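[1] build the 3D model from these lines:
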Amino acid sequence: MSQQLKQNDFVQLEFTAKLKESNEVFDTSSEQTAKSSGIYNPKMPYGEYIICLGHKQILPKLEEKLVGKQVGNEYVFELKPEEAFGKKNAKLFKLIPLKFFTKDQVNPSPGLQVNIDGTLGTITTVTGGRVIVDFNHPFASKDVVYTVKVSRIIQNAAEKVKAFLRMKYDLKNSVVSIDDSTKAATVKVEKQLIDALTTEIKAEIEKELGNVVPEIKKLEFAAK
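    The predicted structure is shown next:
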């Protein structure tokens, strides 16, 4: 019998996301699909997309739709803009002087993505000495379609911890072991990372981990 998905389940997903209007693929867990669609990124862990349902690691509406579905079945979900990346907000169109770009030897042109004060935007218009930049999400006001299959539910506590740390803190190469007697998880990472972890950061990570993997009562870090 197929397992039914519920909140707080760690699940491995296979998915492909497209813009409904153009059928353009903008995200996928499949390396082959990424390459054929021209969006391949060698840094992405294709085939290993694990999330914890209900913890906003994917679009909240998509998480909501997955709860109650069956492992092994493939589902197609159409999301309206307000369920996906929101509608365009006129207040997020900003008028910026051309000299702001030219002083850094940037030649602004429509469609160019720029990072201004840590916020990504897309140039829409260049006219005279002024540039209009759209700071809305690139897919704002777009209907999107997700094809999703949950290949398995993760049961192993060490795998859950590793998946949580990779998704939340981008710790891709950690080695996790569990002491069954104390319910303590030991995470081995590079020494330079250990040196950067303050007591406060460690406590915050341990608290967040306790919310998603309650069977773990203590978290320790050690150098590889």
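[2] tell me where this protein has strands.
    10-19, 25-28, 49-52, 74-79, 93-97, 113-116, 119-127, 130-134, 144-153, 175-179, 184-189, 218-223 (DSSP state E).
[3] quick one: buried residues of the fourth one?
    Taking 16 or more other Cβ atoms under 10 Å as the neighbour-count basis, strand 74-79 is seen to contain the buried residues 77, 79. The way it works is simple: take the backbone N, C-alpha and C, and place the C-beta from them, glycine included.
[4] averaged pLDDT, that strand. What do you get?
    Average pLDDT, strand 74-79: 98.
[5] that one pairs with which strands, parallel or anti?
    Partner strands and pairing direction for strand 74-79 (DSSP bridges) are strand 144-153 (antiparallel).
[6] go on, the second one?
    In the sheet, strand 25-28 lines up against strand 10-19 (antiparallel) (DSSP bridges).
[7] with only the CA atoms kept, save the strand it pairs with in CSV.
    Provided in CSV are the C-alpha atoms of strand 10-19 (Å, rounded to 0.1, in the frame of the first residue of the first chain):
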residue,chain,number,x,y,z
PHE,A,10,11.1,14.2,5.0
VAL,A,11,10.5,13.4,1.4
GLN,A,12,12.6,13.0,-1.7
LEU,A,13,11.0,14.8,-4.7
GLU,A,14,11.3,14.4,-8.4
PHE,A,15,9.9,17.6,-10.0
THR,A,16,9.9,19.8,-13.0
ALA,A,17,8.5,23.4,-13.0
LYS,A,18,7.4,25.3,-16.1
LEU,A,19,5.8,28.6,-16.9
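[8] in the lowest-mean-pLDDT helix or strand in the chain, what's buried?
    Sorting the helices and strands of the chain by mean pLDDT, DSSP states H and E puts helix 191-196 at the bottom, at a mean of 86. Going by neighbour count (16+ other Cβ under 10 Å), the buried part of helix 191-196 is residue 193.
[9] check the offset of that helix from the chain's centre.
    24 Å (Cα atoms, centre = their mean, to the nearest Å).
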